[in-house]
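> Got a predicted model here, sequence first, then my questions.
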Amino acid sequence: MQNLKIELTKNPKQKPADESKLGFGRIFTDHMFLIDYTGEKGWHDARIVPYAPLEMDPASVCLHYGQSIFEGLKAYRGVDGKIRLFRPEKNFERMNISCERMCLPTVEPDFALHCLKKLIEIDQDWIPHSDGTSLYIRPFVFGVDKQVGVHPSDHVIFMIILSPVGAYYASGLNPVKIYVEENYVRAVRGGTGFVKAAANYAISLKAQQEAGEKGYSQVLWLDAIEHKYVEEVGAMNVFFVFDDEIVTPELQGSILSGITRMSTIELLRQKGHKVVERRLSIDEICEAHKNGRLKEAFGSGTAAVISPMGELNYKGEKITLNGGEIGEITQYIYDELTGIQWGKIEDKNNWTESAIEN
Ligand code: PLP
Ligand code: COI
């Protein structure tokens with residue numbers, strides 16, 4: 001494993017005094033991790049340095065052609081004082097799938113995790129203490145060749161920054177209102193929807209903005225060909241609870257394989273629920289709502305945790321779910337996942353590990 005240089009800040013920043021006002025992703029810790037890659041030298045010059053703006057050539061490839069991908073995971077300060085990561089190897093595996101798709105070099109997962117743990121160790125006092133708060137971890141990889149011809153960058157940077165966070169949605173665990181998008185599309189099979197390419201998020205902003213103007217927190221994307229099958233929400237996978245089964249859209253190439261999604265499926269199955277991954281049309285959802293079969297719906301994601309959906313708006317028709325209240329299964333899965341993450345309940349699947357190396 002290559003050497004990791006560490007330069008500590010001489011000017012530590014003030015930590016947030018009121019953890020109830022953290023919000024999401026606006027405050028960053030004292031240090032950041034960087035490593036460079038070139039075709040000639042491979043990955044080199046791994047370093048943790050004081051958090052600071054980057055100097056970048058105006059011709060950098062990532063700025064012009066979006067050759068950039070990212071990950072998102074969290075470190076949790078447990079009720080027992082232990083700081084935990086939740087299935088971090090899955091994030092670094094997925095980061096490499098994203099890198100491959102975007103012609104970026106992959107990173108050795110064990111080395112990435114080692115560097116992350118060192119960064120957390122240095123900035124551990126930034127991890128908030130209040131219920132529901134955590135340290136959001138943002139690894140990202142981007143091309144910085146200075147050449148505006150369209151090409152895969154030879155010079156690439158992998159970085160990790162850290163942000164103490166509260167709830168992703170201002171409403172917290174209260175049900176969110178979702179707009180079912182029928183005009184704009186997010187991803188198509190063969191494209192980049194299954195990876196965390198920065199571009200996926202850039203192209204979703206317009207629909208998100210228009211839904212926001214109508215009073216909705218997020219859009220629910222439909223498939224790009226028929227505008228019929230449910231895919232996912234901007235930052236979450238989705239689950240619909242019917243009478244006899246819980247359905248989540250199958251992974252068919254245009255939606256992200258969420259780590260919270262896979263954990264939710266496993267936990268629900270372990271509890272004895274029938275969880276099915278299949279194509280699910282918006283018409284089936286509307287029909288099930290009309291005949292009383294649709295009980296609850298929720299989204300899953302690292303940032304959003306488990307987020308109940310209170311209302312769906314499809315073509316102007318409003319579907320209220322579970323009377324706009326959080327449903328029984330949604331609450332169960334929220335309690336179970338967060339219980340494991342904050343060390344409140346036993347982690348029977350061995351999904352968590354210490355965020356700091358011994
Ligand atoms: N879908 C999209 C588009 C996302 O950005 C995210 C967040 O990472 C998810 C789903 C949920 O994925 P995960 O549970 O791995 O955070
Ligand atoms: C995450 O949940 O980690 C995400 O990456 C969502 C992000 C778009 C805020």
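Now that the structure is in, tell me what you want to look at. Ligands and ions are numbered 1, 2, ... in the order given.
> And for the residue nearest to Gly66 when sequence neighbours are not counted, the neighbour number?
Distance criterion C-beta to C-beta, 6 or more residues apart in numbering; nearest residue to Gly66, sequence neighbours excluded, is Ala199 at 4.3 Å. For every residue, glycine as well, the C-beta is placed using N, CA and C. By other C-beta atoms under 10 Å, the residues close to Ala199 number 17.
> mind checking the SS state of Ala199?
Secondary structure assignment for Ala199 (DSSP: H, G, I helix; E, B strand; the rest coil): helix.
> Arg47 is in what secondary structure piece?
Using DSSP states H and E, Arg47 sits in strand 42-50.
> So which bits of the one helix or strand Ile137 maps to are buried?
Ile137 is part of strand 134-143 when elements are defined by DSSP H and E. Neighbour-count burial for strand 134-143, with 16 or more other C-beta atoms under 10 Å as criterion, is recorded at Ser134, Leu135, Tyr136, Ile137, Arg138, Pro139, Phe140, Val141, Phe142, Gly143.
> Show me which residues of the chain sit near ligand 2.
For the chain, the residues in contact with ligand 2 (C-beta under 6 Å from any ligand atom) are Gly72, Tyr201, Ala235, Gly301, Thr302, Ala303.
> Relative to ligand 2, which of those residues is nearest.
Gly72 (2.0 Å; C-beta to the nearest ligand atom).
> Just list the residues touching the closest residue to the closest one other than its chain neighbours, thanks.
Among residues not flanking Gly72 along the chain, Thr302 sits closest, at 4.8 Å (C-beta to C-beta, 6+ apart). Taking C-beta atoms under 8 Å, 6 or more residues apart in numbering, we find Thr302 in contact with Gly72, Leu73, Lys74, Tyr136, Gly258, Ile259, Thr260.
> And the residue in the chain sticking out farthest from the centre, how far from ligand 2?
Relative to the mean C-alpha coordinate of the chain, counting by C-alpha atoms, centre = their mean, the farthest residue is Asn291 (33.8 Å). Using C-beta to the nearest ligand atom, to the nearest Å, we find Asn291 at a distance of 34 Å from ligand 2.
> Next: Asp347.
Here Asp347 is placed at a distance of 20 Å from ligand 2 (C-beta to the nearest ligand atom).
> Sheet-wise, list the partners of the strand holding Arg47 with their directions.
Its sheet considered, strand 42-50 pairs with strand 4-6 (parallel), strand 31-38 (antiparallel) by DSSP bridges.
> what about the nearest residue to Ile345 once chain neighbours are set aside, is that helix, strand or coil?
Spatially, and ignoring its direct neighbours in sequence, Ile345 is nearest to Gly339 (3.7 Å; C-beta to C-beta, 6+ apart). Gly339 carries the three-state label helix when classified by three-state DSSP.
> Mind pulling up the pLDDT for Gly339?
Looking at Gly339, its pLDDT reads 96.
> still on that earlier bit, can you tell me which of the strands paired with strand 42-50 is most buried?
Among the strands paired with strand 42-50, strand 31-38 has the highest mean neighbour count (mean count of other C-beta atoms under 10 Å), at a mean of 20.
> Residues contacting that one, please?
8-9, 43-52, 105, 107, 115-116, 118-119, 122-123, 154-162.
> how about 7 Å then?
With contact meaning C-beta atoms under 7 Å, 6 or more residues apart in numbering, strand 31-38 is reached by 9, 43-51, 105, 115, 119, 122-123, 154-161.
> Now which of the residues you listed would you call buried?
Counted by 16+ other C-beta under 10 Å, the contacts of strand 31-38 give 43, 46-48, 105, 115, 119, 122-123, 155-158, 160-161 as buried.
> Could you please name the strands the strand holding Ile137 pairs with and the direction of each pair?
Applying DSSP bridges, one finds strand 134-143 paired with strand 68-70 (antiparallel), strand 73-77 (antiparallel), strand 156-165 (antiparallel).
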